[in-house]
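# here are the coordinates; sequence isn't available:
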Ligand SMILES: CC(=O)SCCNC(=O)CCNC(=O)[C@H](O)C(C)(C)COP(=O)(O)OP(=O)(O)OC[C@H]1O[C@@H](n2cnc3c(N)ncnc32)[C@H](O)[C@@H]1OP(=O)(O)O
Ligand SMILES: O=C([O-])CC(=O)C(=O)O
């Protein structure tokens, strides 16, 4: 196999357009949404406030927030045509494929006819994504047809309520709210860039979001939180975790949930979700998963100077809330929809089709060879 050429690969370090939505690593490690630091948002905001901020550019006042939340609550129902499709999807399907199919099917039933509908479509997707996922999940796993039109005040509470069939504790609801805030937006990451490329052809919102879901699914992007969980749950002690991770590094395996394309010393979302993971670990009396996670963090830093990204401590935090591992990345979808849709709208507002060039590395021009002479 030829040597991998990295410099400039993956468009790293090149600007591919402008955005007013978010800065990533601008001051080395920082993350801001429309100028607000992620730590302030994770401390003071709700996910609905963040969604409003991303979509409209400013934080809502109290009345605007109440109206927005009421609007979102009113759009949690699923059309019958979509329920039928979800009931056909097998229980062993990957839930990211369910999200992709659900979004695409909704595009057939509630097609975007004009860009004037784009905000309504974005709000509808924000409201209905947890319903799509959990209607399928509960039907295929528990054999029940759930009513997705709950009166839960927040998307976080609605999600956990549908999943566990009971209202969540305040700590769980707030942890989920913070998680949705942390995952909401991240500039020109792979899935968002997918959405923008699709938008640049003047395609419809559902196509842009469906494509983005496909990009988020991979383990180098959103799928890393599930992959991290599958790794840490194998270890019964920090000592075992250390030995296994050292072995993986020696074999040049990737350790999922570590490293980042833009941040070089830390991911600002990590400390926030790590703090929540610790709170939940103490609450459930965990003596294994959190210490194992901390040991993996230490080994990765000592050996490779690699740090946990947003995904790593999400794994244990979600696990402590009894969220099945295969639902981890779909939760990311329910959140990142806000960033994706905001980028689609931003792209449309100042559009030129995205069509870069390639450096040709193939054969020189040559003559056609007839089939019997090959
Ligand atoms: C929410 C999110 O999407 S965050 C990202 C989630 N993805 C993951 O956690 C998957 C694991 N991480 C990775 O694969 C990478 O770090 C990525 C995809 C996030 C970034 O990729 P890149 O920008 O290409 O990484 P970068 O250039 O910093 O890599 C430098 C070196 O560190 C190594 N490296 C980077 N991350 C890891 C890792 N998690 N485990 C082991 N080695 C790693 C690379 O192999 C590379 O080594 P090499 O030069 O010997 O080939
Ligand atoms: O920015 C990236 O490349 C990946 C990431 O952390 C995200 O999308 O949240």
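Sure, I can see it. The model shown is predicted, which means the values in this text are computed figures rather than measured ones. Ligands and ions are numbered 1, 2, ... in the order given.
# CA only for contacts and neighbour counts going forward, please
Fine.
# The stretch 1-150 of the chain: strands as residue ranges?
Taking DSSP state E, counting those that start in this stretch as the test, the strands found in the stretch 1-150 of the chain are 22-24, 31-33, 36-37.
# neighbouring contacts of the shortest one?
The contact list for strand 36-37 (CA atoms under 8 Å, 6 or more residues apart in numbering) reads 30-31.
# Could you list the paired strands of that strand along with their orientation?
In the sheet, strand 36-37 lines up against strand 31-33 (antiparallel) (DSSP bridges).
# average pLDDT across the partner strand?
Across strand 31-33, pLDDT averages out at 97.
# buried set for it?
Across strand 31-33, burial judged by 16 or more other CA atoms under 10 Å covers 31-33.
# Quick check: of the residues you listed, which lies closest to residue 316?
residue 31 (22.6 Å; CA to CA).
# Tally up the residues packed near the nearest residue to the closest one once chain neighbours are set aside, please.
With sequence-adjacent residues excluded and distances taken as CA to CA, 6 or more residues apart in numbering, residue 31 is closest to residue 24, at 4.8 Å. By other CA atoms under 10 Å, 20 other residues sit near residue 24.
# Flag every residue of the stretch 201-350 of the chain that's near ligand 1.
219-222, 224, 253-261, 309-311 (CA under 6 Å from any ligand atom).
# other SSEs contacting the helix or strand harbouring residue 210?
In the assignment (DSSP states H and E), residue 210 maps to helix 205-216. The contact analysis (3 or more CA pairs under 8 Å, 6 or more residues apart in numbering; DSSP states H and E) places helix 205-216 against helix 95-109, helix 118-142, helix 190-200, helix 328-349.
# now the ones you listed in a markdown table, with mean pLDDT?
As requested, the helices and strands packed on helix 205-216 are arranged in a markdown table below (pLDDT from 0 to 100):
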| stretch | mean pLDDT |
| --- | --- |
| helix 95-109 | 98 |
| helix 118-142 | 98 |
| helix 190-200 | 98 |
| helix 328-349 | 98 |
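# What's the mean pLDDT across the helix holding residue 210?
For helix 205-216, the mean per-residue pLDDT is 98.
# residues contacting residue 135?
Residue 135 sits next to 83, 86, 145-146, 148 when contact means CA under 8 Å, 6+ apart.
# For ligand 1, see how far away it is.
25 Å (CA to the nearest ligand atom, to the nearest Å).
# again, but for residue 137
Taking CA to the nearest ligand atom, one finds residue 137 at 23 Å from ligand 1.
# Please name the nearest non-neighbouring residue to that residue.
Residue 137 sits nearest to residue 91 (CA to CA, 6+ apart), 7.4 Å away.
# if I pick the residue nearest the centre of the chain, what's in contact with it?
In the chain, the centroid-proximal residue (CA atoms, centre = their mean) is residue 332; its distance is 2.9 Å. Applying CA under 8 Å, 6+ apart, we find residue 332 in contact with 180, 183-184, 222.
# Likewise for residue 132?
By CA under 8 Å, 6+ apart, the neighbours of residue 132 are 78, 86, 98-99, 102.
# re the thing from before, and the residue nearest to the centre of the chain, how close does it get to residue 185?
10 Å (CA to CA, to the nearest Å).
# now residue 160
Distance, residue 160 to residue 185, using CA to CA: 22 Å.
# swap in residue 115?
From residue 115 across to residue 185, the span is 22 Å (CA to CA).
# can you check residue 172 too?
From residue 172 to residue 185 the distance is 22 Å (CA to CA).
# Which pLDDT value goes with the residue nearest to residue 137?
Looking at residue 91, its pLDDT reads 98.
# do the same with residue 9
88.
# Adjust the sequence numbering to begin at 432 for everything that follows.
Sure, I'll start numbering at 432, so the last one becomes residue 440.
# okay, now it: neighbour count?
Residue 440 has 10 neighbours, counted by other CA under 10 Å.
# Likewise for the one 5 residues further on?
Taking other CA under 10 Å as the criterion, the count of residues near residue 445 is 9.
# And the residue nearest to it when sequence neighbours are not counted, how far from residue 689?
Closest residue in space to residue 445, ignoring its immediate chain neighbours: residue 439 at 7.9 Å, by CA to CA, 6+ apart. Residue 439 sits 21 Å away from residue 689, going by CA to CA.
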